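Q: predicted coordinates and the sequence they were generated for:
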Amino acid sequence: ALHRPLPRTLVLVGLMGAGKTAVGKRVAARLGLGFTDADHAIEEAAGCSIPDIFERYGEPAFRDLERRVIARLMHEPVQVLSTGGGAFMDAQTRATVAERGLSLWLKAELEVLATRTAKRHNRPLLRQGDPKAVLAGLMERRHPIYALADLTVDSRDGPVEETVERVLAAID
Ligand code: S3P
C-alpha cells in the first residue's frame, strides 16, 4: 500500500529491546525515507562505542552528547529516527521533538524486552544489576514520560513486519 508523505521526522522512543532500530529501518524503507539510529550517530560523533563513552566519560557526558546529536538530527530533512531508551527523558529533547517531529512510543512488555536485550551485551545500564530487574525499574520510571509521545504502538513478540504495519497504520 502507498502511504502519505511524512510531514515531520518520525522519532521512535521506548525502552531498550523495544525494536526501535529494527522497526525504524523497515518503516523508513517503506516510506522511501532515510533512517538514522541516534545511538549510532552518537558513536560516530564520539569516535567510540556507547559502552566506551559510559566507561571513559560517564553517563552525564553521554546524555549531553545524546541531546546535541538528536538536536542536530532534528534539523535534517524529514526521516525516521530511532533514539536510545533514555533520550526522551530529556526535557529539551522532548521539546525539540515536539516542535519538529512526530514521536512514537514503541511499547513492549518486560518479558519481551528482557529476551531481546539478552542477545547483545552492549547496554551499560543493564550491567548495573540483574538486567530484568533494571528493565523493570526503568519501566516504572520511564513509562509515564514515554506516554507523552504523540503516538503509541505495541511491539509484541513475533514478526517485526507486524509491528511495522502497526506503525504505518498509526502514522497514516
Ligand atoms: C539507553 C539505551 C541505549 C543506549 C544507552 C542508554 C537507556 O539505547 O542509548 O545504552 O538509557 O535506555 P537502546 O534503547 O537503543 O538500547
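A: Done, it's in. Numbers count the residues shown, from 1 in each chain.
Q: any idea which helix or strand comes after the helix or strand hosting Glu66?
A: Following DSSP states H and E, one finds Glu66 within helix 59-73. Downstream of helix 59-73, the next assigned helix or strand under DSSP H and E is strand 80-82.
Q: up against the ligand, what does the protein have?
A: Met16, Lys20, Asp39, Ile50, Gly84, Gly85, Gly86, Arg123, Pro124, Leu125 (CB under 6 Å from any ligand atom). Just so you know, the C-beta spots here come from the backbone N, C-alpha and C atoms, and that holds for glycine as well.
Q: filter those residues down to the buried ones, PyMOL style.
A: Buried members of the residues of the chain next to the ligand, defined by 16 or more other CB atoms under 10 Å, are picked up in PyMOL with:
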select buried, resi 16+20+39+50+84+85+86+123+124+125
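Q: Pro5: which of the residues of the chain next to the ligand is nearest?
A: Among these, Lys20 lies closest to Pro5 (CB to CB), at 21.8 Å.
Q: can you pull the contacts of the closest one?
A: By CB atoms under 8 Å, 6 or more residues apart in numbering, Lys20 lies in contact with Leu12, Val13, Gly14, Ser82, Thr83, Leu106.
Q: how about the residue nearest the centre of the chain, phi and psi?
A: Compute the mean C-alpha point of the chain, and by CA atoms, centre = their mean the closest residue is Thr83, 3.1 Å away. When quoted as degrees, to the nearest 10, the phi and psi of Thr83 stand at phi -120, psi 160.
Q: check contacts around it.
A: Residues counted as contacts of Thr83 (CB under 8 Å, 6+ apart) are Val11, Leu12, Val13, Lys20, Ala38, Asp39, Ile70, Thr93.
Q: among these, name the ones in strands.
A: Val11, Leu12, Val13 (DSSP state E).
Q: check whether the first one really touches Gly84, as I assumed.
A: No: between Val11 and Gly84 no contact is recorded; they are 11.6 Å apart, counting by CB atoms under 8 Å.
Q: contact partners for Lys132?
A: Leu110, Ala114.
Q: for PyMOL, what selects the buried ones among the contacts of Lys20?
A: Here is the PyMOL command that picks out the buried ones among the contacts of Lys20, judged by 16+ other CB under 10 Å:
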select buried, resi 12+13+14+82+83+106
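Q: including distance to Phe62, could the contacts of Lys20 go into a markdown table?
A: Shown next, in a markdown table, are those (distance: CB to CB, whole Å):
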| residue | distance to Phe62 |
| --- | --- |
| Leu12 | 19 |
| Val13 | 17 |
| Gly14 | 18 |
| Ser82 | 17 |
| Thr83 | 13 |
| Leu106 | 21 |
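Q: will you turn the contacts of Lys20 into JSON lines that also has pLDDT?
A: JSON lines is the format used below for those (pLDDT from 0 to 100):
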{"residue": "Leu12", "pLDDT": "98"}
{"residue": "Val13", "pLDDT": "98"}
{"residue": "Gly14", "pLDDT": "98"}
{"residue": "Ser82", "pLDDT": "98"}
{"residue": "Thr83", "pLDDT": "98"}
{"residue": "Leu106", "pLDDT": "98"}
